[in-house]
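Visitor: 3D model of this:
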Amino acid sequence: MIGVNTWVWVSPLTDETLARLAPRIADWGFDVVELPVEHPGDWDPGRAAALLDGLGLGASVVLTMPPGRELVDASPQVVRDTQDYLRHCVDVAVTVGAPAVSGPAYASVGRAWRMSPDERRAVYGELRENLKPVVAYAAERGVRIGVEPLNRYETSVINTVEQALDALPEECGLALDTYHLNIEEKDPLRAVRLAGDRIAHLQVCGTDRGAPGADHFDWPGFAAAVRDVGYTGPLVIESFTADNKTIATAASVWRPLAPSQDALATDGLAFLRTLTT
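Guide: Here you go, the predicted structure:
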């Protein structure tokens, strides 16, 4: 299955923009639409579920961690509020039929600080304790939590698969993104295999955040590693538009990454089909 995140075109997602994008995404031949939950209430999960079902599209759900959403090194109230937000994302996933909720569920994106080995162990212990009730809530509802390592410029908490396996409770899944794998992993294919059956979700894009395939990543090797670990979920194209000030700044997208956002999606889809057929 191949999917695409609506961030390729717009942020935040709304009912109106999803109603405009989803039919085009279906017509192009995608299987899945990835739905970001930036702020509860931006879009109606029930309405989205009906729309996607009518178009024959599946859904995946991604969480966001702006300033103020923290599971570590934060006040108890901030942690509780973040846990409530993550439970809301699980409820959204149940409504739209998404099997996982994925993203950097540990600290706000862009927040980074130096940690000694002892401090890192303490942060990871805190993360495990604060994630466990959310992971349990999700499991009771048939949803997996996939925690995503990010590159060093976006976080200092979890950058690699090895760190994620050390930091997360055993019952928690991982979400991997080829963009971050390319930056942080000495061997991205080994990292995929190391993650193994803990992989709950996979996002893909070119090494410059453009379309997968128009870059230097070892895509055939990646596809082989994905098959080796038995992952059967979607490969979802995640990229961003430079036209949206907030998202472009957060993702450091300063120039167009393709002739058009539509081309980024459709070229990526055509290339990924060559890997999965």
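Visitor: all contacts plus neighbour counts: C-alpha atoms, from now on.
Guide: OK.
Visitor: roughly how far apart are Asp27 and Gly58?
Guide: Distance from Asp27 to Gly58, counting by Cα to Cα, to the nearest Å: 14 Å.
Visitor: the more surrounded of the two?
Guide: Set Asp27 next to Gly58 and count neighbours by other Cα atoms under 10 Å: Gly58 wins out with 22 against 9.
Visitor: Looks like the more buried one contacts Val33 (just checking).
Guide: Yes: shown here, Gly58 and Val33 form a contact pair, counting by Cα atoms under 8 Å, at 6.3 Å.
Visitor: hang on, Val33 in a strand?
Guide: Yes: when the secondary structure is assigned by DSSP: H, G, I helix; E, B strand; the rest coil, Val33 falls within a strand.
Visitor: beta partners of it?
Guide: Assessed by DSSP bridges, Val33 has beta-bridge partners Val4, Ala59.
Visitor: Tell me, how many residues neighbour it?
Guide: Using other Cα under 10 Å as the criterion, the residues surrounding Val33 number 26.
Visitor: which ones are touching it?
Guide: With contacts defined as Cα atoms under 8 Å, 6 or more residues apart in numbering, Val33 is in contact with Gly3, Val4, Asn5, Thr6, Ala22, Ile25, Leu57, Gly58, Ala59, Ser60.
Visitor: What of Arg141?
Guide: Here Arg141 is in contact with Val94 (Cα under 8 Å, 6+ apart).
Visitor: And Asp177, by the same measure?
Guide: In this structure, Asp177 makes contact with Glu148, Leu202, Gln203, Val204, Cys205, judged by Cα under 8 Å, 6+ apart.
Visitor: and the gap between it and Ile247?
Guide: Distance of Asp177 to Ile247, computed by Cα to Cα: 17 Å.
Visitor: Which helix or which strand is home to Ala225?
Guide: When elements are defined using DSSP states H and E, Ala225 is found to belong to helix 219-228.
Visitor: Can you give me the buried ones in that helix?
Guide: By neighbour count with 16 or more other Cα atoms under 10 Å, helix 219-228 contains the buried residues Trp219, Phe222, Ala225, Val226.
Visitor: mind listing the helices for the stretch 51-200 of the chain?
Guide: Ranges of helices within the stretch 51-200 of the chain are 76-96, 117-140, 161-167, 178-184, 188-195, based on DSSP state H, counting those that start in this stretch.
Visitor: Of all those, which one is nearest Gly268?
Guide: Closest of the helices of the stretch 51-200 of the chain to Gly268 is helix 178-184, at 13.3 Å (criterion: Cα to Cα).
Visitor: now the closest one: how far from the chain's centre is it?
Guide: On the basis of Cα atoms, centre = their mean, to the nearest Å, helix 178-184 is displaced by 13 Å from the centre of the chain it belongs to.
Visitor: Looking at the protein, name the residue that lies furthest from the middle.
Guide: Computed with Cα atoms, centre = their mean, the residue of the chain farthest from its C-alpha average is Asp118, at 28.8 Å.
Visitor: the bottom helix or strand of the chain by mean pLDDT?
Guide: The weakest-scoring helix or strand in the chain, judged by mean pLDDT, DSSP states H and E, is helix 245-251 (a mean of 68).
Visitor: Give me the contact list for the very next helix or strand once past that one.
Guide: In the C-terminal direction, the helix or strand that comes right after helix 245-251 (DSSP H and E) is helix 261-276. Outside helix 261-276, the residues that touch it by Cα under 8 Å, 6+ apart are 2, 4, 8-9, 28, 30, 205, 210-213, 219-220, 223, 237, 241, 257-258.
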